[in-house]
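Participant: Sequence first, then the predicted structure, then my questions.
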Amino acid sequence: MWDTISKPPQYANSKIHDFFEVKYTALPHYEDKYEDFIADTVVLRRRFTQEGDGSLLRAGDDKLPADSLVLSTKQIWDVIKSQKDLNLPAHKVMVANIRCNEIKLDQLRNLTSDQAWQSMAQDSSSRLIRDFGRHSAALVDSCMKGYEVEAMYFDSNVRTEHQADLQAKLTATVSGPFKAQLNLLVAELMVKFDKDFRLAILDNLLGAFAATAEKMSRDTLAAFDERVQEFLVTGTDLTADEARDKLAVELHEHIERCKHLATKEALHAIEGELTKIIAVPAVELLQTFPQNLWSKLDSVRKQATASSSRDLQQRLSGYALTAEEQKSLVSKLAAAADKKLGDLLQEAALTRVAKMRDVFNNRFQLDEHGTPRTWRPKDNIPQLARQARREAARVLALLAVKRSADYAGGDAVETAIMNMVKKDIDDAVPGSSNSSTAADCGSSSRDSFELATATHWPDVKQERVLIAPHEARLAWREFMSASALSVQQAQMTQQANLMAGKRSAPIWALLAIVFLGWNEFMVVLWNPLYLIIGAVLFILGRQMYGELDVDAELQRGPIMGLINIYHKLGGVLHKVAVQNVEAAQHLGGALVEMVQNPQHHDGGREQAPHSGNTSTPLQDGAVVHHQQRMQHQSAAGLKQRGAGSGQDGMQMTQLPHDDGVLDNEKDA
């Protein structure tokens, strides 16, 4: 066949082996020895690769592969037709570019159309794929080797350039599922971290919150570094640095959220306790309204804030809070304390009339022991009403505006309110004003503003105002209406008690006493010993009644009065017994002196007619002694009931003494 082919003159004597290498092989029968046929075909196929033993491929850099002959021929004719010339080196590069690009695209299509890759790409965003990196690397490596096998005969520079481009495109194709897998890994580790961290919180590890969070963060990052190895695709420049940084940021943010949440919960709990700590003493102060109200309120606020700050710092001791965070928490506690105190003050200002009535009733309705007044005739109701209304006006002045802790009274607001209410108080109590108070009022009026026409408090910021001037005027008028009713009821009660004290026993009761006690009267009359015993018991009972002050005690209530009488009974018995013994001793000494000195006794009888009294000296002395003892008992009873004080306006009248009466008492 070779010899019959016409050849160029220079190749006329050439042999076929100068251009072709001809080899023969035999394969087993396909049907009879199928397995041997398959094995021999595998061996024969390997000989058509460069890696196989006895390879039949003959590579040459200056030659084109046979499968590119048609393309090369077509391109040669196009070049000749267009340029009337043919540059063979440039033609080789052009053919290499076109063919390498086709091979590159074929390999990319092979990867994207591979069923294994499509399955992994589809599942990469929904679940973690085991050995994702190894499978992906195998597919990428297969594409790269396929390209190398098919493009090995083309220009090396062109082949290398397209190989790098293929590598980049394969990396871009794999990077999407690769990043999705890393995101799933980060999410899974974050879920595990969150669960473990919550368990750590439940296990009461908050004493070392910062240390626990740091240790668990390191463990999570170490677990990421260990598990990410099965997702790394070898043969590409894909790394997990971005995912690791993302995991570190999410861990830090999660810890900060937990820290913020725990801090917020602790702060909320401490604020709740703070409001309770402030509410109890503040409400008590806003019910009693002491003179140093604002100083005590500020002290309560500071003490509550300091105590709550210590509790909060102790509760968050393991959180490693910065100085700025601690300062911010303390400022929030102080703001919460101010808000709670402001709410209580605002509530007190809204119920100002009720507060004024409570203070008025406590001062007017209760005595110094805290027991309700029974409005006895000696109680000076106008004076008590005036004092109680002044206290109510002081409460209104205290609640008008917020003041500082060093407030000691006497500012323009308080002065204006006291001047406004002074006329109402003095008009309600006739004759209570005097020149000194009028002078004080005049001087204070010159230093203060006129409240009757004022619309705002002078030199007071609006946020510190609790009660506006017109609200203060309305509150005072409403209070005066309510207090006038209380004063009127007290006066009516006092008048009723006075009338009840003057009422005598009815005639039928006196007749019944005479009729029912006639037999006893005759027994005493016929037996003087009973008369003496009755007189002694009557005198002792009278003394005990006066010393125990039964009337005053029973006015406090039957149960309380009986208890007080029971407690005083022993001391009063001892005192009455001592007084009677002393009186008996004086009487016995006087009788002995009369027996021993009868002349002095006769002189006393002779002097008796000149005094206009026909009674004997003994009788006169006994009468005087009895009168003075009754005066002493009445004075003691009135003293225990508060008589003689400057508030009720009553004065005791002391009976006059003279030397003659004292001498008669000594004689008796």
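Facilitator: Thanks, I have it. Keep in mind that what you see is a predicted model, and the values were worked out from it rather than measured.
Participant: Pass me the low-pLDDT residue ranges in the stretch 451-600 of the chain, would you?
Facilitator: By pLDDT under 70, the weakly predicted segments of the stretch 451-600 of the chain are 500-505, 598-600.
Participant: can you pull out the helices in it?
Facilitator: Assigned by DSSP state H, counting those that start in this stretch, the stretch 451-600 of the chain shows helices spanning 469-502, 507-516, 518-526, 528-548, 550-555, 558-596, 598-607.
Participant: So for residue 128, which of those helices sits nearest?
Facilitator: helix 469-502 (70.9 Å; C-beta to C-beta). Using the backbone N, CA and C atoms, a C-beta is placed for each residue, glycine as well.
Participant: Mind listing what's buried along that closest one?
Facilitator: 469, 471-473, 475-476, 479-480, 483, 486-487, 490, 493-494 (16 or more other C-beta atoms under 10 Å).
Participant: To residue 129, which of the helices of the stretch 451-600 of the chain lies closest?
Facilitator: Comparing the helices of the stretch 451-600 of the chain by C-beta to C-beta, helix 469-502 comes nearest, at 75.7 Å.
Participant: Which strands and helices lie in contact with the closest one?
Facilitator: helix 352-365, helix 381-398, helix 412-428 (3 or more C-beta pairs under 8 Å, 6 or more residues apart in numbering; DSSP states H and E).
Participant: picking that back up, include distance to residue 417 when you put the helices of the stretch 451-600 of the chain into TSV, please.
Facilitator: Listed next are the helices of the stretch 451-600 of the chain as TSV, based on distance: least, C-beta to C-beta, whole Å:
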stretch	distance to residue 417
helix 469-502	6
helix 507-516	56
helix 518-526	68
helix 528-548	46
helix 550-555	36
helix 558-596	39
helix 598-607	71
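Participant: highest average neighbour count across those helices?
Facilitator: Of all the helices of the stretch 451-600 of the chain, helix 550-555 carries the top mean neighbour count, a mean of 17, counting by mean count of other C-beta atoms under 10 Å.
Participant: Sketch out the low-pLDDT regions of the stretch 1-150 of the chain for me.
Facilitator: Checking the stretch 1-150 of the chain against pLDDT under 70 turns up 50-53, 58-91.
Participant: For residue 14, state which of the buried residues of helix 469-502 is nearest.
Facilitator: When these are compared against residue 14 (criterion: C-beta to C-beta), the nearest one is residue 471, at 127.8 Å.
Participant: Would you quantify the distance from that closest one to residue 398?
Facilitator: Per C-beta to C-beta, to the nearest Å, residue 471 is found 14 Å from residue 398.
Participant: I'd guessed residue 101 sits against residue 162; true?
Facilitator: Yes: with contacts counted by C-beta atoms under 8 Å, residue 101 reaches residue 162, the gap being 6.2 Å.
Participant: Contact partners for residue 381?
Facilitator: 375, 487, 490, 491, 494 (C-beta atoms under 8 Å, 6 or more residues apart in numbering).
Participant: swap the cut-off to 6 Å and go again
Facilitator: The contact partners of residue 381, taken as C-beta atoms under 6 Å, 6 or more residues apart in numbering, are 490, 491.
Participant: Now do it, the pLDDT please.
Facilitator: We have a pLDDT of 88 for residue 381.
Participant: And the one 10 residues further on, by the same measure?
Facilitator: The score at residue 391 is 89. That number is its pLDDT.
Participant: Might one say that it is in contact with residue 363?
Facilitator: Yes: in terms of C-beta atoms under 6 Å, residue 391 counts as a neighbour of residue 363; the distance is 5.1 Å.
Participant: on that earlier part again, now tabulate the buried residues of helix 469-502 in a markdown table and tack on distance to residue 183.
Facilitator: Converted to a markdown table, the buried residues of helix 469-502 look like this (distance: C-beta to C-beta, whole Å):
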| residue | distance to residue 183 |
| --- | --- |
| 469 | 68 |
| 471 | 64 |
| 472 | 68 |
| 473 | 72 |
| 475 | 68 |
| 476 | 73 |
| 479 | 72 |
| 480 | 77 |
| 483 | 77 |
| 486 | 79 |
| 487 | 83 |
| 490 | 84 |
| 493 | 87 |
| 494 | 90 |
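Participant: If we ignore the residues flanking it in sequence, what's nearest residue 239?
Facilitator: Leaving aside its chain neighbours, residue 239 sits nearest to residue 232 (7.7 Å; criterion: C-beta to C-beta, 6 or more residues apart in numbering).
Participant: Number of residues surrounding that neighbour?
Facilitator: 17 (other C-beta atoms under 10 Å).
Participant: so how far is residue 389 from residue 561?
Facilitator: 31 Å.
Participant: swap in residue 495?
Facilitator: Taking C-beta to C-beta, one finds residue 495 at 21 Å from residue 389.
Participant: Neighbour count: residue 101 and residue 162, which is higher?
Facilitator: Looking at residue 101 and residue 162 with other C-beta under 10 Å, you find the greater number of neighbours at residue 162, namely 22 against 15.
Participant: show me the residues around the more buried one that make contact.
Facilitator: 100, 104.
Participant: Strands along the stretch 51-200 of the chain, start to end?
Facilitator: With DSSP state E, counting those that start in this stretch as the definition, the stretch 51-200 of the chain shows no strands.
Participant: in it, which spans are helices?
Facilitator: According to DSSP H, counting those that start in this stretch, the helices that the stretch 51-200 of the chain contains are 69-83, 88-113, 115-123, 132-151, 156-202.
Participant: Can you tell me which of the ones you listed is packed in deepest?
Facilitator: With a mean of 18, the top stretch among the helices of the stretch 51-200 of the chain by mean neighbour count (mean count of other C-beta under 10 Å) is helix 132-151.
Participant: Residues touching that one, excluding its own?
Facilitator: 100, 103, 107, 111, 117, 159, 166, 170, 174, 181, 230-235.
Participant: mind running it again at 7 Å?
Facilitator: Here helix 132-151 makes contact (C-beta atoms under 7 Å, 6 or more residues apart in numbering) with 100, 103-104, 107, 110-111, 114, 116-117, 120, 159, 162-163, 166-167, 170, 174, 181, 230-236.
Participant: Which secondary structure element is home to the spatially most central residue of the chain?
Facilitator: Most central in the chain under C-alpha atoms, centre = their mean is residue 271, positioned 1.6 Å from the mean C-alpha point. Secondary structure assignment for residue 271, by DSSP states H and E: helix 241-288.
Participant: I'd like the mean pLDDT over that helix, please.
Facilitator: 89.
Participant: Just list what that helix packs against, helices and strands only.
Facilitator: If you count contacts as 3 or more C-beta pairs under 7 Å, 6 or more residues apart in numbering; DSSP states H and E, helix 241-288 packs onto helix 156-202, helix 209-227, helix 293-315, helix 323-350.
Participant: Can you check which of those gets nearest to residue 556?
Facilitator: helix 293-315 (31.2 Å).
Participant: Relative to the whole chain's centre, how far out is that closest one?
Facilitator: Remark: helix 293-315 is offset 12 Å from the chain centroid, using C-alpha atoms, centre = their mean, to the nearest Å.
Participant: That helix - contacts with which helices or strands?
Facilitator: Using 3+ C-beta pairs under 7 Å, 6+ apart, helix 293-315 sits against helix 241-288, helix 323-350.
Participant: buried ones in that helix?
Facilitator: Those would be 293-298, 300-301, 304-305, 308-309, 311-313, 315, for helix 293-315 by 16+ other C-beta under 10 Å.
Participant: Any idea how many residues pack against residue 264?
Facilitator: Neighbour number of residue 264 under other C-beta under 10 Å is 11.
Participant: do you know how far it is from residue 329?
Facilitator: 10 Å.
Participant: List the buried residues of stretch 260-269.
Facilitator: 262, 263, 266, 267.
Participant: actually stretch 341-359, sorry about that
Facilitator: Here stretch 341-359 shows 341, 344, 345, 348, 349, 352, 353, 355, 356, 357, 358, 359 as buried, counting by 16+ other C-beta under 10 Å.
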